[in-house]
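# Return atomic coordinates for the entry below.
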Amino acid sequence: MKQFALFFTGMMLIFLTNCKRDGIDENYVESWDLTPTMTAKLDDKGVLTISSTAKYSEDMPQVTPLLDNKYKFYSLVIGDSIKSVGDFSWCSNLTSVTLSNSVKVISSGAFRNCINLSSITMSNSVTMIRGAAFSGCTSLSSIILPKSLQTIEIVTFYGCSSLSSIIIPNSVKKIDERAFENCSSLVTVTMSDSITNLGDWAFSRCSSLHSISLPSTLTTIGTQVFSYCTSLASIQVNENNPNYLSEEGVLYNKNKTTLFLYPAQKKNETFEIPYGVNEIYTYAFYQCAHLTSVKIPNSVKQINSGAFQNCPVLESINIPKSVTNFSTESDLPFPAALGSSFDCSNIKTLKVEWETPVYDYAYIMDWTQIGYNKFISLFVPIGTKENYLAVYGWKDFKAIIEYEPE
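Numbers count the residues shown, from 1 in each chain. Reported below is the predicted structural model:
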């Protein structure tokens, strides 16, 4: 028995010596051929290294045997001569990624829902990070974006709930729809003076974002870019921006004819919209936590859908005679659109200046449908009460009181 043990030990020593002499790593446990010149090797520590012997850089295939082995690796290293990163989505054990200087493209959804990914190292050679590349990476707390990146594509960082800060490099001109939506720990966003476009919902649901500064180059702001940003108290705009301005933390277009956004955590309890504003933008006052009263001037002609939705303590609102349109974002008829614009359950007083109720529809406002109007006192111009009592929906307010408009 002792002789057999000595024999076996000797044979193992000879095997390991030959392995080292032949350049075979004894720590290597599995390998896969991804292309004729590209190989993935997994070592006993869970490090997956992908290398290529191609003369020129090649793309990594989107569908590989790695998809069936995604729970085996904890760290990923992409070697030289590989210019794009394939699909590693749902690799729930992956914690770190290192990309070589040859990588230019991170493919769409490449690391989507890698919930333990906390570290990624890439060079400035990366020119494209495709949509949803890091969506759902809930452990990613920081990332340095390459200086050659031009667009942050749709839902690239959606749901990265640990991401606390981001610096947008000077090369970036566009932040697409929902790029940073639901990044609930995002406190600081540093925008370069090169961004021209913020897509719809780009920073929506970033509930820890306290303030934002917009660059001079910005030309287009999409719908609900900062909706559900419940900690946002101030918006600042570079004074050299020809399209937008900020006054007391409120965002307007440059000539102050459109009010775009009133920050949800601005501390004022009352607000008087400046005379000259003729449009209140979609979701402009959405979820404003402290406003109890808003005064709308008779220069306002249009109040868009959701403009005052979910303002929890808003009690009083006036609608001047000048307002003739309530929604460009929905198919609701005029009165129902009014309810859509002012969906606030705490409103106690509504003042209108119309001498004749607007349109005679079977139901009027969302309020009527859910019973809000039964708790609201409606103030109408002197001599018009009977007009309102004759119209379904309007007549169902808690009380109809005549007053003298200013």
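# Do a quick rundown of the helices in the protein.
2-21, 334-341, 365-370, 385-389 (DSSP state H).
# can you tell me which of those helices the model trusts least?
For the helices of the chain, mean pLDDT drops lowest on helix 2-21, to a mean of 45.
# what about the stretch 251-400 of the chain, any weak spots by pLDDT?
327-344, 359-373 (pLDDT under 70).
# same deal with the stretch 1-150 of the chain?
Using pLDDT under 70, the stretch 1-150 of the chain drops low at 1-28.
# tell me the contacts of Val126?
Counting by Cβ atoms under 8 Å, 6 or more residues apart in numbering, Val126 touches 99, 103-106, 146, 148-149. To be clear about C-beta, it is placed using only N, CA and C from the backbone, and glycine gets the same treatment.
# Please flag which of these sit within strands.
99, 105-106 (DSSP state E).
# Please indicate which of those residues has the highest neighbour count?
Neighbour counts for those, by other Cβ atoms under 10 Å, peak at Ile106, which reaches 27 neighbours.
# and that one, bridged to which residues?
Note on Ile106: beta-bridge partners by DSSP bridges are Val85, Ile129.
# so it makes contact with Gly131?
No - using Cβ atoms under 8 Å, Ile106 makes no contact with Gly131, being 10.3 Å away.
# now the residue nearest to Leu145 when sequence neighbours are not counted: how far from Ile175?
Using Cβ to Cβ, 6 or more residues apart in numbering and skipping the chain neighbours, the partner closest in space to Leu145 is Pro169 (5.4 Å). Relative to Ile175, Pro169 is positioned 12 Å away (criterion: Cβ to Cβ, to the nearest Å).
# got it, and Cys160?
According to Cβ to Cβ, Cys160 and Ile175 sit 14 Å apart.
# can you check Cys114 too?
Applying Cβ to Cβ to Cys114 and Ile175 gives a distance of 22 Å.
# what's the burial count for Trp32?
16.
# and if you look at Ser234?
Using other Cβ under 10 Å, Ser234 has 16 other residues around it.
# heads up, I number from 867, so please use that
Got it, first residue is 867 now, which makes that one Ser1100.
# Contacts for stretch 1175-1189, please.
In contact with stretch 1175-1189 (Cβ under 8 Å, 6+ apart) are residues 1149, 1151-1169, 1174, 1204, 1206-1210, 1212-1220, 1271.
# What segments of the stretch 1167-1272 of the chain are strands?
1168-1169, 1182-1185, 1215-1218, 1243-1247, 1265-1269 (DSSP state E, counting those that start in this stretch).
# Output the contacting helices and strands for the fourth one.
If contacts are counted by 3 or more Cβ pairs under 8 Å, 6 or more residues apart in numbering; DSSP states H and E, strand 1243-1247 sits against strand 1215-1218, helix 1251-1255, strand 1265-1269.
# how does it look with 6 Å?
Strand 1243-1247 is packed against strand 1215-1218, strand 1265-1269, with contacts defined by 3 or more Cβ pairs under 6 Å, 6 or more residues apart in numbering; DSSP states H and E.
# And the shortest one, by the same measure?
Using 3+ Cβ pairs under 6 Å, 6+ apart as the contact criterion, no secondary-structure element is in contact with strand 1168-1169.
# how far is that strand from where the chain is centred?
25 Å (Cα atoms, centre = their mean, to the nearest Å).
# can you check stretch 1165-1177 too?
With Cα atoms, centre = their mean, you get 22 Å for stretch 1165-1177.
# buried sites along stretch 1029-1044?
Neighbour-count burial for stretch 1029-1044 flags 1029, 1032, 1034-1035, 1037-1044 (criterion: 16 or more other Cβ atoms under 10 Å).
# let me fix that: stretch 1059-1072
Neighbour-count burial for stretch 1059-1072, counted by 16+ other Cβ under 10 Å, picks out 1060-1061, 1063-1072.
# What's the mean pLDDT across it?
Stretch 1059-1072 comes out at a mean pLDDT of 96.
# Could you work out the end-to-end span of it for me?
Terminal residues of stretch 1059-1072 are spaced 22 Å apart (Cα to Cα, to the nearest Å).
# State which strand of this structure is the longest.
With secondary structure taken from DSSP E, the chain has its longest strand at strand 894-901.
# how about that strand as CSV, C-alpha atoms only?
Presented in CSV, the C-alpha positions along strand 894-901 are these (Å, rounded to 0.1, in the frame of the first residue of the first chain):
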residue,chain,number,x,y,z
TYR,A,894,-7.7,26.6,-14.7
VAL,A,895,-11.0,24.6,-14.2
GLU,A,896,-13.1,25.2,-17.3
SER,A,897,-12.8,26.8,-20.8
TRP,A,898,-15.1,27.6,-23.7
ASP,A,899,-14.3,28.5,-27.3
LEU,A,900,-16.4,31.5,-28.2
THR,A,901,-15.0,32.0,-31.7
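# what helices or strands is it leaning on?
Using 3+ Cβ pairs under 6 Å, 6+ apart, the elements in contact with strand 894-901 are strand 904-909.
# So in terms of bridging, what pairs with the closest residue to Ile1267 other than its chain neighbours?
With Cβ to Cβ, 6+ apart as the criterion, Ile1267 has its nearest non-adjacent residue at 5.2 Å, and that residue is Phe1245. Note on Phe1245: beta-bridge partners by DSSP bridges are Lys1217, Ile1267.
# Tell me how many other residues surround Phe1245.
With other Cβ under 10 Å as criterion, Phe1245 counts 20.
# what do you get for Met904?
With other Cβ under 10 Å as criterion, Met904 counts 21.
# any idea how far the one residue sitting closest to the centre of the chain is from Thr1190?
By Cα atoms, centre = their mean, the chain has its centre lying nearest to Glu1047, at 2.1 Å. Distance of Glu1047 to Thr1190, computed by Cβ to Cβ: 34 Å.
# Next one: the residue nearest to Lys1133 when sequence neighbours are not counted from Lys1132, what distance?
Counting by Cβ to Cβ, 6+ apart, the nearest residue to Lys1133 once its immediate chain neighbours are dropped is His1156, at 5.5 Å. Relative to Lys1132, His1156 is positioned 7 Å away (Cβ to Cβ).
# More neighbours: which of those two?
For His1156 versus Lys1132, the count of surrounding residues by other Cβ under 10 Å is larger for Lys1132: 20 against 17.
# Could you pull up the contacting residues of the more buried one?
1099, 1115 (Cβ atoms under 6 Å, 6 or more residues apart in numbering).
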